[in-house]
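In: Provided below for reference: sequence and predicted model.
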Amino acid sequence: AQKVTQAQTEISVVEKEDVTLDCVYETRDTTYYLFWYKQPPSGELVFLIRRNSFDEQNEISGRYSWNFQKSTSSFNFTITASQVVDSAVYFCALSVTMEYGNKLVFGAGTILRVKS
Amino acid sequence: DAGVTQSPTHLIKTRGQQVTLRCSPKSGHDTVSWYQQALGQGPQFIFQYYEEEERQRGNFPDRFSGHQFPNYSSELNVNALLLGDSALYLCASNPGLAGLTDTQYFGPGTRLTVL
């Protein structure tokens, strides 16, 4: 089965704390892509990052970093020194091959609340 | 460079009615996908359009149908609305027939409420 699990339903932190959002995936494909999207209250899904199954190097972008571990089928997302503007729902997604093209399979999302 | 746009922003319908939602893809993109996001859940894939044809379909009934126009914009139609159709409907676009490497960019969504 092609599946994404985000076990943390909601996380609350105080501003400047570091926070890690967990993502575990299942796929039968040998080549696949993983994504993280942010959904602020406005509703639009904002693309954050894409990683392919052959690249296990960690990635850092400003206060954001991602840890991809194929051995544990995990693709975790860490926000360093969190800010109130980081408050949103975060989705992890897996790109699934179809007969034509691909689709995204999303986890249930993690609500992040950053308090000042 | 305009991103993905959707209309209307909000919509209220009653059970049994029909609804049409609209989407314009990001400039340079010709593939449009539709997703349904129920409250508190992740988006679920409905279908994907490329070259004015439905290329892929998720696990949704035939009450859900769509169309893609020559300018790549798309419509999602839902007939015989049920209370369970209340959700945020998201449109996403990407260039070419969506491959594994392609990132889908999303619009702001249409919030549909069925009473």
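Out: Yes, it's here. Just so it is clear, the model here is predicted, and its values are computed rather than measured. Numbers count the residues shown, from 1 in each chain, chains lettered A, B, ... in the order given.
In: make it CA atoms for all contacts and neighbour counts henceforth
Out: Noted.
In: sec struct for residue A:35, please.
Out: strand (DSSP: H, G, I helix; E, B strand; the rest coil).
In: leaving out chain neighbours, which residue sits closest to it?
Out: Nearest non-adjacent residue to residue A:35, counting by C-alpha to C-alpha, 6 or more residues apart in numbering or on different chains: residue A:50, 4.6 Å away.
In: pull the contacting residues for that neighbour.
Out: Taking C-alpha atoms under 8 Å, 6 or more residues apart in numbering or on different chains, we find residue A:50 in contact with A:33-36, B:103.
In: one more time with 7 Å
Out: By C-alpha atoms under 7 Å, 6 or more residues apart in numbering or on different chains, the contact list for residue A:50 reads A:33-36.
In: identify each buried residue in the helix or strand of chain B with the lowest mean pLDDT, please.
Out: Lowest on mean pLDDT, DSSP states H and E among the helices and strands of chain B sits strand B:53-57, with a mean of 91. Neighbour counts over strand B:53-57 (16 or more other C-alpha atoms under 10 Å in any protein chain shown) mark B:54-57 as buried.
In: in TSV: the residues you listed, plus distance to residue A:55.
Out: Below are the buried residues of strand B:53-57 laid out as TSV (distance: C-alpha to C-alpha, whole Å):
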residue	distance to residue A:55
B:54	32
B:55	29
B:56	28
B:57	30
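In: go back to the residues you listed and keep what's next to chain A.
Out: Contacts with chain A are made by B:55-56 out of the buried residues of strand B:53-57, judged by C-alpha under 7 Å from any C-alpha of the partner chain.
In: and the closest residue to residue B:22 other than its chain neighbours, what are its bridge partners?
Out: In space, residue B:22 comes closest to residue B:75 once its chain neighbours are excluded; the distance is 4.5 Å by C-alpha to C-alpha, 6+ apart. For residue B:75, the beta-bridge partners under DSSP bridges are residue B:22, residue B:67.
In: distance of residue B:75 relative to residue A:92?
Out: 26 Å (C-alpha to C-alpha, to the nearest Å).
In: who's in contact with the residue nearest the centre of chain B?
Out: By C-alpha atoms, centre = their mean, the mean C-alpha position of chain B lies nearest to residue B:34, the distance being 3.0 Å. With contact set as C-alpha under 7 Å, 6+ apart, residue B:34 has these partners: B:45-48, B:90-92.
In: counting neighbours, which of the residues you listed comes out on top?
Out: Using other C-alpha atoms under 10 Å in any protein chain shown as the neighbour criterion, residue B:91 leads the contacts of residue B:34 with 33 neighbours.
In: chain center to whichever strand or helix holds that one: distance?
Out: Taking DSSP states H and E as the definition, residue B:91 sits inside strand B:87-94. When distances are taken as C-alpha atoms, centre = their mean, to the nearest Å, strand B:87-94 is centred 5 Å away from the chain's centroid.
In: each with direction, which strands does the next helix or strand after it pair with?
Out: Next helix or strand after strand B:87-94 toward the C-terminus (DSSP H and E): strand B:105-106. Within its sheet, strand B:105-106 is paired with strand B:87-94 (antiparallel), according to DSSP bridges.
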